[in-house]
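Colleague: I need the structure of the sequence given here:
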Amino acid sequence: MRVEHASMRIIDGYARGDTDIAADEVWALEAHLEACRVCRDRLSAAVEVRAPAVAALVDTVWSDLGPQLAATATMPHRRRWAARLSGWLTPTMAPWLAMVVSVTLLALLFDLVGTGYGEVSLVLLLAPVLPVLGVAAFWSRGLDPAYELTVSAPRAGLYLVLRRTTSVLAVAVPALLVGGGATGVTAAQWLLPCLAFTSTTLALGGVVGVPRAAAALVALWAVVVVAPTVATGRTTFALQMSALPAWGLLLALGIGVLVARRGAYSVPGAHR
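Modeller: I've put the predicted structure just below:
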């Protein structure tokens with residue numbers, strides 16, 4: 001398979017520290033350098049020619065760090081796994097994921113003891129928005145102490161967003177599957193709205209930020225679906241099987257917008 005390497009124009013400009021290189025080109029180059037030794041060698045040679053002062057500084061720092069690194073113990077296997085897991089989860093996500101599972105189990109308990117809202121299952125009522133809360137939590141400046149470091153990493157764009165969204169769904173979907181099965185709610189009734197809400201949150205997140213998009217959709221769900229359901233005690237159209245084609249269309253639109261605007265998550269500040 002042929003490997004596409006970065007152009008010398010971008011590599012030379014990156015070595016000189018040019019400020020006129022487009023942000024998406026810089027991020028693409030940094031991500032490419034992680035896996036391409038050829039381009040790393042080309043960048044190293046370019047730094048020596050285009051920025052000799054930087055090369056001299058790197059050599060000085062490396063000469064001091066080299067002996068210390070050689071004497072430092074390697075990372076234990078358990079910590080290597082923790083480092084890999086950080087690409088999927090963050091410590092701040094743990095309480096939010098626990099909250100998603102706890103609310104699902106609490107809704108299931110209310111359904112089983114018959115203290116819900118008429119004929120409506122609380123699991124079905126909450127399923128579309130619970131994963132959205134977890135998705136918003138992992139990309140929130142106020143909840144992640146390492147937020148600035150995370151969003152500035154070369155692979156911090158849509159790639160990281162999708163990985164952490166998958167982590168949220170991997171926890172929320174099994175919990176909702178258990179809750180829905182125990183209350184007699186078919187998986188399609190809650191799974192399709194759940195995925196539609198999640199994809200729409202990510203699609204809007206590239207424009208207004210993931211936390212804002214999640215807050216707006218949760219508020220919309222509360223006003224349009226939850227409030228009428230609680231008031232009447234009847235299943236609204238949005239929660240009925242006949243509404244599944246509409247949810248499928250919303251899911252497709254969310255994925256389409258997300259794919260079309262996938263570069264939005266590679267622009268610093270666009271997803272905050």
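Colleague: From here on, just use CA atoms for contacts and neighbour counts.
Modeller: Noted.
Colleague: Mind splitting the chain into its structural domains?
Modeller: 8-71, 82-266 (automatic domain parsing).
Colleague: got those as CSV, with mean neighbour count and mean pLDDT columns?
Modeller: Output for the domains of the chain, formatted as CSV (neighbours: other Cα atoms under 10 Å; pLDDT from 0 to 100):
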stretch, mean neighbour count, mean pLDDT
domain 8-71, 14, 82
domain 82-266, 18, 77
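Colleague: what's the distance between residue 159 and residue 258?
Modeller: 12 Å (Cα to Cα, to the nearest Å).
Colleague: any idea how far residue 110 is from residue 68?
Modeller: 59 Å.
Colleague: er, residue 222 actually
Modeller: 57 Å.
Colleague: any idea which element the most centrally placed residue in the chain lies in?
Modeller: Nearest to the geometric centre of the chain sits residue 161, at 2.4 Å (Cα atoms, centre = their mean). Using DSSP states H and E, residue 161 falls within helix 158-183.
Colleague: got it, and residue 108?
Modeller: Assigned by DSSP H and E, residue 108 falls in helix 93-113.
Colleague: what's in contact with stretch 53-72?
Modeller: 47-48 (Cα atoms under 8 Å, 6 or more residues apart in numbering).
Colleague: switch to 10 Å and redo it
Modeller: With contacts defined as Cα atoms under 10 Å, 6 or more residues apart in numbering, stretch 53-72 is touched by 15-16, 44-49, 52.
Colleague: same question, stretch 219-233
Modeller: 116-120, 122, 125-126, 128-129, 197, 213-218, 234-239.
Colleague: quick one, what contacts the nearest residue to residue 97 once chain neighbours are set aside?
Modeller: Leaving aside its sequence neighbours, residue 97 sits nearest to residue 134 (Cα to Cα, 6 or more residues apart in numbering; 6.3 Å). Applying Cα under 10 Å, 6+ apart, we find residue 134 in contact with 93-100, 164-165, 167-169, 171-172, 198, 211, 214.
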